[in-house]
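1. Got a sequence here, can you build the structure:
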Amino acid sequence: MTRALPYFSIPLLVIAAVRHWTETPSETIWRVRYTNCDKGYFVELPSGIVAHAAHSPAPNHGFLISTSGTGTTDRVTAEQTGFVGVFDQYNSMELRDPQAYLDWGLKNTPGSELVYTRQMALRGLPAIQAEYSAVERGRRIWNKVLIVFRDKDDIIYELMLRTLKRDDANDMRLYQVIKSGFHVFPISQGECVNP
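-> You can find the predicted model right below:
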């Protein structure tokens, strides 16, 4: 005869939240996982990859990873030629779908040349994947984007690779890894804290 153990004798596991970010004087550095509980997503970061985000109290709208030094803790900005970025924003322009957001972005990128687009879904959400180029400071810059609409919550996610063509193979691998690590979850109705 097997006797069931009383519930209080089973060890309770207490899982402590591990904080995946630190603040430097100029930005917030993320390792292992970037989380944005206000916008309902997280991105798994491979070992050694460092994501750079705005310093608090600035709004938390995503991150950048330098393609020339994925583990750098030096400041990374969107003015740099090579980066992988994940961005989020509310659909304040009330665009109807990912294609409309892409069209708006191309219209506002001087000299942009669209190479391809593909309608798709990511994590069950409507999305569009595209590649386009533009000339900046005399150099042709290549942009690969994945624009995802979270209609129910009125949020747009943009996963982006910005690179010089010669760096494309290595940069594309990093971009694919970040896209694979992108996940959505229900948005908290109350105050939330990013681990």
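
2. what ranges do the helices span in this protein?
-> Taking DSSP state H, the helices of the chain run over residues 98-107, 168-180.

3. Return the distance of the last one from the chain's centre.
-> Meaning helix 168-180. The chain centre lies 12 Å from the centre of helix 168-180; the measure is C-alpha atoms, centre = their mean, to the nearest Å.

4. And it, what's buried?
-> 171-172, 174-175, 177-179 (16 or more other C-beta atoms under 10 Å). Any C-beta I mention is one placed from the backbone N, CA and C, and that applies to glycine too.

5. what sits against Asp151?
-> Contacts for Asp151 were tallied using C-beta atoms under 8 Å, 6 or more residues apart in numbering; they are 125-126.

6. wait, what's in contact with Leu174?
-> Remark: with contacts taken as C-beta under 8 Å, 6+ apart, Leu174 is in contact with 49, 65, 67, 70, 84, 161.

7. What pLDDT does the model give the last one?
-> According to the model's per-residue confidence, Leu161 sits at a pLDDT of 96.

8. measure it to Asn91 for me?
-> Taking C-beta to C-beta, to the nearest Å as the measure, Leu161 falls 23 Å from Asn91.

9. now the third one
-> When C-beta to C-beta is applied, the distance between Thr67 and Asn91 equals 28 Å.

10. Then Val184?
-> From Val184 to Asn91 the distance is 15 Å (C-beta to C-beta).

11. residue ranges with poor pLDDT in the chain?
-> Within the chain, the stretches with pLDDT under 70 are 1-17, 166-167.

12. Name all residues that make contact with the spatially closest residue to Val76 that is not a sequence neighbour.
-> Distances taken as C-beta to C-beta, 6 or more residues apart in numbering put His52 closest to Val76, at 4.1 Å, once the chain neighbours are dropped. If you count contacts by C-beta under 8 Å, 6+ apart, His52 has them with 27-30, 63-66, 75-76.

13. Buried subset of the residues you listed as a ChimeraX selection?
-> The following ChimeraX command selects only the buried members of these, with burial defined by 16+ other C-beta under 10 Å:
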select :27,28,29,30,63,64,65,66,76
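
14. Report the two of the contacts of His52 separated the most.
-> Checked with C-beta to C-beta, the contacts of His52 reach their widest spread between Thr28 and Ser66, with 15.0 Å between them.

15. looking at it, Gln45 is touching Val32, isn't it?
-> Wrong residue type there; residue 45 is Leu, not Gln. Yes. With the criterion set as C-beta atoms under 8 Å, Leu45 and Val32 qualify as a contacting pair; they are 5.7 Å apart.

16. Please say which of these two ends up with more neighbours.
-> More neighbours surround Leu45 than the other of Leu45 and Val32, with 21 against 15 (other C-beta atoms under 10 Å).
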